[in-house]
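Peer 1: Fold the following for me, if possible:
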Amino acid sequence: MSLSADAVSQLVSAHREFLGFLERRVESRAVAEDLLQSAFVRGLEKGPDLDDEKVVAWFYRVLRNAVIDHYRSRGTATKALETWQREFGKGEVAPPEIVDEICKCVSELVGSLKPEYRDALQVVDMEEGKLSDLAERAGISTENAAVRIHRARKALRSQVEKACGTCAEHGCFDCKCSPGSC
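Peer 2: Alright, predicted model coming up:
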């Protein structure tokens, strides 16, 4: 099963119309272009043997399904993010006497991270902000903010492990190390 050369030519000729169709149904031109490109790839790989006059109608059905899948996956991602926020949004704040005992080198190590990671940790962890606060400040989606804070924490964890060695394995309480000295 594959599309004939004439069918492919018809699809390529209708590119602008397909893009317009998608742009009216999704949030941005970039998303529409991505969906169209993916649909073209799927259509060329798995396209059925059709009469050339039916190929455009068939491709519109492919595009409608692509839009539905896009919103379905977006809905799933949003639900997962909301669950994550509920689960971790209830985080308990450590008592001040514990906070004072946490390794002082951590705050120095934050400075060695990429600026966007440093800012993410500042907003979410130090200021106890929400992912939506980070997203607004950074000009990114809430989903991207969740990814950014995850990566920032991972990068900081890696820096702490490098700087503090075995002390990091035990929670950095009563730590006497300084970055690079352990």
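Peer 1: What residues sit buried inside stretch 24-33?
Peer 2: Counting neighbours by 16 or more other CB atoms under 10 Å, one finds that the buried residues in stretch 24-33 are Arg25, Val26, Val31, Ala32. All C-beta spots, glycine's among them, are computed from the backbone N, C-alpha and C.
Peer 1: Can you give the distance of that stretch from its chain's centre?
Peer 2: How far stretch 24-33 lies from its chain's middle: 18 Å, per CA atoms, centre = their mean, to the nearest Å.
Peer 1: which residues touch it?
Peer 2: Leu19, Leu22, Glu23, Leu35, Val67, His70 (CB atoms under 8 Å, 6 or more residues apart in numbering).
Peer 1: Model confidence at the first one, what's the number?
Peer 2: pLDDT for Leu19: 93.
Peer 1: Tell me how far the residue nearest to the spatial centre of the chain lies from Ser13.
Peer 2: Taking CA atoms, centre = their mean, the centroid of the chain lies closest to Asn144, which sits 4.0 Å from it. Distance, Asn144 to Ser13, by CB to CB, to the nearest Å: 36 Å.
Peer 1: Could you list the domains of the chain?
Peer 2: 5-89, 96-169 (automatic domain parsing).
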